[in-house]
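Colleague: mind looking at a prediction? Sequence and model below.
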Amino acid sequence: MPGIAAPLIAWYRGSARDLPWRRPGFGAWGTLVSEFMLQQTPVARVIPHLEAWLGRWPTPADLAAAAPAEAVTQWANLGYPRRALWLHRAAVEIRDRHDGTVPRDVDALLALTGIGDYTARAVAVFAYGDRHPVVDTNTRRVLARVVDGVAQPGPPGKADLARMTAELPDDIGEAAIVNAAAMELGAIVCTARAPKCDVCPLAAQCAWRAAGYPASEDRRRRQAKYEGSDRQARGAVLRVLREAAPAAVLLDDVVPDWPDPVQRDRAIDSLISDGLAEAEGGALFLPR
DNA sequence: TACCCGTGGTT
DNA sequence: TAACCAAGGGT
């Protein structure tokens, strides 16, 4: 196995997308915000929201000084609004525990609300240039194909970090590029559907290609239907609160014609439980 | 571990 | 057009 680092680095230098968070001097806070937004939301949808967010709150302290409601409102339709709440909490934690500076230490990053294995290492590597394995779904798919010879990766786990570490060059700068390049390759070449193997820098050494592209047994759970789901109900309720903010909305006026009133009430209760809404005096509003 | 959590573009 | 997919994390 010749190793994937050298061809990945060469390919990345010539083919990587020009993305805002890759600009020199983008800053650790910008990187952190971008990573929150990129959790399960496509790049193209993130970019305009990211720039607006950083324009409004250029530092963690700026966001920490705002009400959670403002963060949830600014999050708009990016989806998974708990991320907005968690990003706000992380900003408060950064202000209170780290003197307003995004921490560099992976364990300190992991201790922040809403930051897990991927985001913690992404900040440490892309913002601070340290040497850690950064493993996202794209990286796992690339390794599954090139190294394991299977179409799709198994379930994510701690072992992913060790196997990515094994692919990283000793040179810190090169290690950071390999992390970014594996993600980038998975995002634009080694895609889930219709991979572009004719332009892949790893095609010559790809075990999946050599094996004739065997299909993986599909152990993936089908994504739950959105139409009629609790998630849709929550989304509808939260949209009303966002559009009314900072005003509260009478409970009777919160999606009053929702087809299933029991589901509507369940959505409201779960939003309150998550801290995304508060109720008082028969009215519902975003957390202040 | 399995499941839950939004939204909109693509096939 | 219904299903798939998207730089995950918390519980």
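Modeller: Now that the structure is in, tell me what you want to look at.
Colleague: residue numbers of the stretch 151-288 of chain A in contact with DNA strand B?
Modeller: The stretch 151-288 of chain A has residues A:155, A:157, A:193, A:221, A:223-224, A:226, A:229-232, A:234-236, A:238-239, A:270 near DNA strand B, with proximity defined as CB under 7 Å from any atom of the strand. Yep, even glycine has a C-beta here, placed from its N, CA and C like the rest.
Colleague: low-confidence regions, the stretch 1-150 of chain A specifically.
Modeller: A:1-2 (pLDDT under 70).
Colleague: from residue A:99, how far out is residue A:66?
Modeller: Distance of residue A:66 to residue A:99, given as CB to CB, to the nearest Å: 19 Å.
Colleague: which of these two has more neighbours?
Modeller: For the pair residue A:66 and residue A:99, the greater number of neighbours falls to residue A:66 (15 against 10), based on other CB atoms under 10 Å.
Colleague: for residue A:270, helix, strand, or coil?
Modeller: helix (DSSP: H, G, I helix; E, B strand; the rest coil).
Colleague: quick check, it in contact with residue A:234.
Modeller: Yes - contact criterion CB atoms under 8 Å: residue A:270 and residue A:234 qualify, at 6.4 Å.
Colleague: okay, now the domains of chain A?
Modeller: For chain A, automatic domain parsing gives the domain ranges A:1-212, A:230-285.
Colleague: ranking these by burial, who's on top?
Modeller: domain A:1-212 (a mean of 18; mean count of other CB atoms under 10 Å).
Colleague: circling back to that earlier point, give me the subset of the residues of the stretch 151-288 of chain A next to DNA strand B touching DNA strand C.
Modeller: Near DNA strand C, by the rule CB under 7 Å from any atom of the strand, you find A:193, A:223 out of these.
Colleague: end-to-end on stretch A:117-129?
Modeller: By CA to CA, to the nearest Å, the extent of stretch A:117-129 from end to end equals 17 Å.
Colleague: mind checking if that stretch is in reach of DNA strand B?
Modeller: No - using CB under 7 Å from any atom of the strand, stretch A:117-129 stays clear of DNA strand B, with a minimum separation of 11.7 Å.
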